[in-house]
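Chemist: what would the 3D arrangement of this be:
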Amino acid sequence: MTRALLIVAHGQPSDPGPPEAEMHALATRVAGHLPGWLVRSATLAEPDALRAALQGADEPLVFPLFMADGWFIRSLLPRRLSEAGAPGLRILTPFGLLPDTGTLAVTVLAEALASQGWTAAETVLVLAAHGSGRSPYPADAARTLQSAIAMHLPFAENRLGFIEEAPELVEVAEGAGPRALCLPLFVARWGHVEDDIPAALHAAGFQGVTLPPLGTDARVPALIAKAVADA
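Modeler: Numbers count the residues shown, from 1 in each chain. Coordinates of the predicted model:
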């Protein structure tokens, strides 16, 4: 029996096509690290994507490309899998809660500091996260990453701001100064990363360097493959 993996992300309801294509490309890169595996992908924003991805995949492991394990992972994803004819599949730990994701964040920030010629002790870190007005899980996951970073990189300030709850990103980013890094704790360049984060940073007068969202790092496919192999 061929082992199978299904990578699932939220996607972009307003324009689901481009995220679907990005996820397909990610699945291809992950498959390169998992010889002999069938690797598929789908977004919840595309109504028929899950059913199509499950065709010919025998009881795949499900890897949630999400930063937290809130309502989407605990309620919506199992229901959508069941509706697609695949109830009871094993859903793995989401991307944002993997220990290796915290390690990756530290590495990305250390590389950014080196490229700017800055030290952490003289740099302000601004972490941009989604948050939620209805669930504590997204904020908890972001704070876990914030703590993992603080253990290894002693930034002058380690700030965390949210799009959908307090403290809002715009207020957290104010006064960060020119020697500052903003790391979006998101899995892709969709919606909030393209619109809300730049708007908040602009309104805050942010003068520092904004890094790509953590989930777009080139090392993520290998990280996902390792998590799946370990599972």
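Chemist: surely S135 and W71 touch.
Modeler: Yes: with contacts counted by Cβ atoms under 8 Å, S135 reaches W71, the gap being 5.9 Å. From N, CA and C alone the C-beta is placed, and that goes for glycine too.
Chemist: tell me the first helix or strand C-terminal of the helix ranked longest in the chain.
Modeler: Assignment by DSSP state H gives helix 99-116 as the longest helix of the chain. The first helix or strand that comes after helix 99-116 along the chain, using DSSP states H and E, is strand 124-129.
Chemist: now the angle between strand 124-129 and the helix or strand just after that next one, please.
Modeler: Note on strand 124-129: by DSSP H and E, the next helix or strand toward the C-terminus is helix 137-152. For helix 137-152 against strand 124-129, the angle by axes from the mean of the first three to the mean of the last three Cα atoms, to 10 degrees is 150 degrees.
Chemist: who touches helix 137-152?
Modeler: If you take Cβ atoms under 8 Å, 6 or more residues apart in numbering as the criterion, helix 137-152 is touched by 67-71, 96-97, 99, 101-103, 105-106, 109-110, 125, 127, 129-132, 155, 158, 160, 162, 165, 185.
Chemist: OK, contacts around the residue nearest the centre of the chain?
Modeler: The chain has V187 as the residue nearest its centroid, 2.7 Å off, counting by Cα atoms, centre = their mean. Applying Cβ under 8 Å, 6+ apart, we find V187 in contact with 9, 65-67, 95-96, 213-216.
Chemist: mind redoing it with 10 Å?
Modeler: Taking Cβ atoms under 10 Å, 6 or more residues apart in numbering as the criterion, V187 is in contact with 9-10, 19, 23, 26, 64-67, 94-96, 130, 193, 213-216, 220.
Chemist: these in strands, which ones?
Modeler: 9, 64 (DSSP state E).
Chemist: which residues of this structure score low on pLDDT?
Modeler: 1 (pLDDT under 70).
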